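J.: show me how the following folds:
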Amino acid sequence: GCLPGMTIMAPSDELELLHMTATAAEFDDGPIALRYPRGNGLGLDLPAEGQVLEIGKGRIIREMGRQSGAQTGGIAILSLGPRLGACLQAADMLAAQGLPPTVADARFAKPFDTALVENLARNHAVLITIEEGSEGGFGSLVCHHLARTGLLDQVRFRPMTLPDRFIDHNTQDAQYDEAGLSAPHIVATALNALGV
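T.: Reported below is the predicted structural model:
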């Protein structure tokens, strides 16, 4: 990500991987990379061809619903890569507590969707980024952008990354749990940020 002109994509599932592969094949404006996830896909039906994605454009997966409780603005979860499924599980768990969040898929680590990030920061009390990467990655890029625009003063920002240590070999679910990147960890991060 520190290389000038680098484009970095991170698919959330096998359909997104298909689209990002098609995007990479069409891209001619510099180096482009995929952060390829480990493990199996979700078993999604795949079309014969992928669609070329707009470079640097994320997507809203689920809009925040009406929330109850003392907090204002609610929670936004911005996922990069295959943690999107855990984010949706966390969203269901938060919704059961009267706190249905907005869930977004960044798709691109670089360039990332600054308009999407700004919208999430302006319209939510808490913004969580989650990625299968180390500190200094996507969450740091988002944090720098929020700081430069002054939006970091308006939102409780919480980046979730892999810890700065080796994770023992295990099943993916056990590794996510050990790393603190599972749905219950996302819920705990959100509630802690709200002071609940």
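J.: now the helices for the chain?
T.: With DSSP state H as the criterion, the chain has helices at 14-26, 84-96, 114-122, 138-149, 172-179, 183-194.
J.: the worst-scoring helix or strand of the chain on mean pLDDT to helix 84-96, inter-axis angle?
T.: Ranking every helix and strand in the chain by mean pLDDT, DSSP states H and E puts helix 172-179 at the bottom, with a mean of 91. Angle, helix 172-179 to helix 84-96, by axes from the mean of the first three to the mean of the last three Cα atoms, to 10 degrees: 70 degrees.
J.: mind listing what's buried along helix 172-179?
T.: Neighbour-count burial for helix 172-179, with 16 or more other Cβ atoms under 10 Å as criterion, is recorded at 175-176, 179. All C-beta atoms are positioned from the backbone trio N, CA, C, and that covers glycine.
J.: of those, closest to A90?
T.: Top of the list for closeness to A90, among these and by Cβ to Cβ, is Y176 at 11.9 Å.
J.: quick check: which ranges of this protein have low pLDDT?
T.: For the chain, residues meeting the criterion pLDDT under 70 lie at 65-72.
J.: what residue lies at the spatial centre of it?
T.: S79 (1.0 Å; Cα atoms, centre = their mean).
J.: that residue against G133, yeah?
T.: No - the criterion here is Cβ atoms under 8 Å, and S79 misses it with G133 at 11.7 Å.
J.: number of nearby residues for E135?
T.: Residues near E135, counting by other Cβ atoms under 10 Å, number 12.
J.: can you name the farthest residue from the center of the chain?
T.: By Cα atoms, centre = their mean, the chain has its most distant residue from the centre at A48, 26.8 Å.
J.: how near is that residue to A76?
T.: 35 Å (Cβ to Cβ, to the nearest Å).
J.: can you list the helices of the chain in CSV and add distance to G41?
T.: Output for the helices of the chain, formatted as CSV (distance: least, Cβ to Cβ, whole Å):
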stretch, distance to G41
helix 14-26, 3
helix 84-96, 11
helix 114-122, 25
helix 138-149, 22
helix 172-179, 12
helix 183-194, 19
